[in-house]
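1. below are the sequence and a predicted model; questions follow.
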Amino acid sequence: MWEQIRSNRRRSVFLIAALVVLPLLVGWCLGWMVAPEGDKVGLGLAALLLIVMLPIGWFGGKSLVLSSAGARPITHDDAPRLFNVVQEMTLAAGLPKPPRVYLLDCDAPNAFAMGAPDDGVVAVTTGLLMRLSRDELQGVIAHEVAHIVNEDAEYMTLAATLVGITVTLSELVRTRAEFSSGRRRAPRLEHRRDAALVALAALVVVLAPFMARMLYLACSRRREYLADACAARYTRYPAGLASALEKIAAQAGEMQGVGQDVAALCTVNPLRDEGASFFSTHPATAERVRILRAMAGGAGLADYERAFRSVAGGGVIGPRSLREATETPIRAASAEPDPPEIERARETVDILHRADGALFVDCPCGVRIKKPTGAAGMTIECPRCGRANRLPLARPPEDGHAPAFVFQPGRWQSFQCSCGGVVQLSPSFAGTQVPCPRCGAITEVLREESA
C-alpha cells in the first residue's frame with residue numbers, strides 16, 4: 001500500500017499549500033479594502049493568523065474537533081466488546097498502539113478517526129454500538145484504523161484549520177465591502193490597478209464558500225476505497241463492512257449537529273447524498289457495498305482490485321502492491337452470538353448516564369434503577385415491584401478514618417458522597433481510595449470479603 005499512501009501524501013501537500021496561499025490572498029484583499037495602501041498590512045495580519053493557528057490545528061486539532069462533536073472518552077470497562085475489536089484491528093493493522101476511543105451521543109450509526117499512527121483516535125456514535133453486530137462493528141473499526149495507518153485523518157485536521165481561517169477572513173472582506181458600500185466612493189475602475197483589485201476581491205469572496213468543498217476533496221474517494229480494501233484485509237470478512245455500510249447509509253441523514261470537518265471524516269458522510277458528484281468526499285455507498293460483496297475469492301488487496309474493476313472499472317491498488325500482495329482467505333462469519341439489540345442499547349445508554357453522574361441502584365427484584373443527577377430524596381422507588389430502595393451511600397467516617405464504601409468487584413457500582421456527588425467504580429477498579437468528582441473528598445474502598 002506504500003504507493004497509494006505516498007500518492008495521497010503528495011496530493012495532501014499540494015492541497016495544504018493551496019490552502020495556505022488563499023488566506024494570504026484574502027488578507028491582502030482585506031487590507032486593500034480598508035485602505036489602498038494597506039494591502040501589505042492585511043497580508044501581514046493573515047500571515048500572523050496562519051502562524052498562530054497552524055500549530056493549534058496541527059497539535060490541538062483533534063481536541064477541537066472532538067469537543068465540537070461532543071465526544072466523550074470511554075474505557076474498556078465501559079464498552080468491552082468495542083475495545084476488544086479495537087485491539088484486534090490494532091494488531092491486524094500493525095499500529096504501534098491502540099487508538100483512544102470516544103463516544104458521541106447520536107442515534108445515527110457512524111464513526112470517524114483522527115490522528116497519527118502513534119496517537120490515533122477512533123470515535124463512534126451510540127447508534128453504532130446499538131445497531132451493529134460484532135462482524136459489522138469490526139468492519140467499521142478496521143476502516144477507521146486504516147485511515148489512521150494511511151495518515152488520511154492527520155492531513156484532514158490541518159486542512160480543516162486552514163479552511164476555517166480562509167472563511168473567517170473572507171467574511172471580513174464581505175462585511176467590509178457591505179459596510180463601505182454607502183460610506184465611500186467605489187474605486188475608480190478606469191484605472192487598471194483598481195479594476196484588477198476589485199475583481200480579485202470579488203473573486204476571493206465568491207470562492208470562499210467553496211473552500212469547504214476543497215476540504216472534502218482532500219479526503220478523496222480513492223482514500224475511502226483504499227480504507228475499504230485495508231478493512232477487508234484486516235478483518236478477512238468483507239461482508240461485515242458491506243453490511244455495516246448499508247445500515248449506516250440508511251440512517252446517515254439523521255446525524256444532526258455535525259460540522260463539515262467531522263462529516264468529511266465519517267465512515268459515511270451524513271451531510272449529503274453520496275452520489276457520484278465531483279465534490280463528494282466519499283464514493284457512492286451502494287458502489288462500495290457492491291465492490292465488497294464481489295470479493296468472493298478472498299479478502300486480500302488483489303481480490304479487492306479485481307472486485308473494483310468488475311464493479312467500477314479502472315483500478316485503485318498500485319501495480320507493485322498487487323505484485324507483493326499475499327493471499328488472504330475469507331473467514332467464516334463469527335460464531336460468537338451477539339447480545340440482543342435491546343441489551344446493547346441498554347449498555348450504551350448506561351455509558352452516557354454514568355458520564356452524566358447518574359446514580360445506579362440495584363433493586364432486589366433484579367431491576368437496575370437510575371437516579372438522575374440532582375434528583376432529591378434518599379430513596380428511589382422501583383418501577384417493577386414498587387420497593388423504596390435506599391440510595392447507596394459511603395459509610396460515615398469512624399475513628400479518624402475516611403468515609404468507606406463496600407465494593408463488589410466484577411460489576412459497575414456507584415455511590416453518593418455526602419456532598420451529593422456521585423462516584424462511579426468500574427468492574428476492574430483495584431484501588432483502595434477514590435475521590436469525589438464534585439468535592440474531591442476521599443472515600444476508602446473496601447472489598448466485600450473484607451468489609
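-> Everything's here; your move. Residues are numbered from 1 along each chain as shown.

2. please count neighbours and contacts with C-alpha atoms only from this point.
-> Noted.

3. how close does Arg354 get to Glu144?
-> Going from Arg354 to Glu144 by Cα to Cα, to the nearest Å gives 26 Å.

4. again, but for Tyr237
-> When Tyr237 is compared with Glu144 (using Cα to Cα), they lie 16 Å apart.

5. same check on Pro55?
-> 24 Å.

6. and Asp77, by the same measure?
-> Following Cα to Cα, the distance that separates Asp77 from Glu144 is 22 Å.

7. what about the two, which has more around it?
-> Set Asp77 next to Glu144 and count neighbours by other Cα atoms under 10 Å: Glu144 wins out with 32 against 17.

8. for that one, give me the pLDDT.
-> On pLDDT, Glu144 comes in at 97.

9. what ranges do the strands span in this structure?
-> 72-73, 100-104, 111-116, 119-125, 359-362, 368-371, 379-381, 388-390, 404-407, 413-416, 422-425, 433-435, 442-447 (DSSP state E).

10. with mean pLDDT, mean neighbour count and distance to Leu45 as added columns, please give the ones you listed in a markdown table.
-> Output for those, formatted as a markdown table (pLDDT from 0 to 100; neighbours: other Cα atoms under 10 Å; distance: least, Cα to Cα, whole Å):
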| stretch | mean pLDDT | mean neighbour count | distance to Leu45 |
| --- | --- | --- | --- |
| strand 72-73 | 95 | 16 | 36 |
| strand 100-104 | 96 | 21 | 36 |
| strand 111-116 | 91 | 26 | 29 |
| strand 119-125 | 95 | 22 | 32 |
| strand 359-362 | 92 | 21 | 51 |
| strand 368-371 | 90 | 17 | 53 |
| strand 379-381 | 91 | 16 | 60 |
| strand 388-390 | 93 | 14 | 62 |
| strand 404-407 | 92 | 22 | 58 |
| strand 413-416 | 92 | 22 | 53 |
| strand 422-425 | 94 | 22 | 48 |
| strand 433-435 | 95 | 15 | 47 |
| strand 442-447 | 92 | 18 | 51 |
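
11. out of those, which gets nearest to Ala294?
-> strand 111-116 (24.1 Å; Cα to Cα).

12. now the helices for the stretch 201-350 of the chain?
-> Per DSSP state H, counting those that start in this stretch, the stretch 201-350 of the chain carries helices over the ranges 211-218, 221-235, 238-251, 260-263, 285-293, 301-311, 319-324, 341-355.

13. check these for me: which has the lowest mean pLDDT.
-> helix 211-218 - the lowest mean pLDDT of these, at a mean of 56.

14. in contact with Leu91, which residues are there?
-> For Leu91, the contact set (Cα atoms under 8 Å, 6 or more residues apart in numbering) is empty.

15. and the pLDDT at it?
-> At Leu91, pLDDT is 97.

16. how near is it to Thr267?
-> Leu91 is 21 Å from Thr267, by Cα to Cα.

17. what do you get for Ala404?
-> 46 Å.

18. and if you look at Val52?
-> From Val52 over to Thr267 (counting by Cα to Cα), the distance is 31 Å.

19. wait, what's in contact with the closest residue in space to Met89 that isn't next to it in sequence?
-> Closest residue to Met89 apart from its sequence neighbours, by Cα to Cα, 6 or more residues apart in numbering: Ala142 at 5.7 Å. Counting by Cα under 8 Å, 6+ apart, Ala142 touches Val86, Met89, Cys230, Ala231, Ala232, Tyr234, Thr235.

20. how deep is Gly44 tucked in, by neighbour count?
-> 16.

21. show the contacting residues for it.
-> So Gly44 contacts Gly27 (Cα under 8 Å, 6+ apart).

22. kindly report the same for the one 5 residues further on.
-> With contact taken as Cα under 8 Å, 6+ apart, Leu49 is in contact with Ile165.

23. between the strands of the chain, which gets nearest to Leu271?
-> Among the strands of the chain, if distance is taken as Cα to Cα, the winner is strand 111-116, at 13.8 Å.

24. return the alpha-carbon coordinates of the closest one using CSV.
-> Provided in CSV are the C-alpha atoms of strand 111-116 (Å, rounded to 0.1, in the frame of the first residue of the first chain):
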residue,chain,number,x,y,z
ALA,A,111,-17.7,6.7,13.2
PHE,A,112,-14.6,8.7,12.3
ALA,A,113,-10.9,8.6,13.0
MET,A,114,-8.2,11.2,13.6
GLY,A,115,-4.5,11.5,14.4
ALA,A,116,-1.3,9.8,13.5
